[in-house]
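Trainee: no FASTA, just this:
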């Protein structure tokens, strides 16, 4: 067996091993994603908990994502924050309003989506509800780090957010006292507001799961490489015979 054949076999072996490893990794990711989706679906389908119960869970495990919760409070419309988002194919903003609790603490409450035109409070007066309100929604873990460098920086002066920096939002919502703000956020559930905005209940619960497709692709490429490489080596052997 000549040197060039050995090099080809070595390159094929390494490449196929890499492709097989990538396929196996995607299989593991598939199992992880399926477990994640099942866990979230089970949480969302559960009974609503009190705010105190969610706080206890947070203190125990630092994970309350998608736990249904009910609470009461008063909207502080003057300190609204705006998170850039899309809904039903439209670009706009999620309105994040501080919800004042009876003990003077604050919850960062995502009330839902408004098109850009309705970001101005003057254009959605019917949604500026006064007095004590009961909120049903989903608790959300805080976002502590920017997901990636491609996301624009938040514009704090304009109160505009392109990623949900908990620390920055909490400082604005708590007027500088982050300890006054609960350590998790809440997405409000479906609402029935005259005039329509904000639209609650827009939390994304469906997750893309393409890991099986990716695994089949990597394994398929490995099989194709083995087949083509073997045929090539066999043809070289016939020619040299």
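Mentor: Happy to help now that I have it. Here the structure is a predicted model, which means the values were calculated and not measured. Numbers count the residues shown, from 1 in each chain.
Trainee: residue 19 falls within a strand, correct?
Mentor: No. Going by DSSP: H, G, I helix; E, B strand; the rest coil, the assignment for residue 19 is helix, not a strand.
Trainee: hang on, residue 105 packs against residue 182?
Mentor: Yes. Contact criterion Cβ atoms under 8 Å: residue 105 and residue 182 qualify, at 6.2 Å. For glycine as for every other residue, the C-beta is placed from the backbone atoms N, C-alpha and C.
Trainee: who's more crowded, the two?
Mentor: Set residue 105 next to residue 182 and count neighbours by other Cβ atoms under 10 Å: residue 182 wins out with 23 against 15.
Trainee: dihedrals phi and psi, that one?
Mentor: phi -60, psi 150 (degrees, to the nearest 10).
Trainee: ok, residue 141 next?
Mentor: phi -60, psi 150.
Trainee: which one is it nearest to, not counting chain neighbours?
Mentor: Of all residues not flanking residue 141 in the chain, residue 65 sits nearest, at 4.5 Å (Cβ to Cβ, 6 or more residues apart in numbering).
Trainee: for burial, what's the neighbour tally of residue 159?
Mentor: 17.
Trainee: what sits against it?
Mentor: Listed by Cβ atoms under 8 Å, 6 or more residues apart in numbering, the contact partners of residue 159 are 80-82, 172.
Trainee: and the buried ones among those residues, selectable in PyMOL?
Mentor: The buried residues among the contacts of residue 159 can be selected in PyMOL (16 or more other Cβ atoms under 10 Å) with this line:
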select buried, resi 80+81+82+172
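Trainee: in helices, which of the contacts of residue 159 appear?
Mentor: With helices defined by DSSP state H, the entries of the contacts of residue 159 inside them are residue 172.
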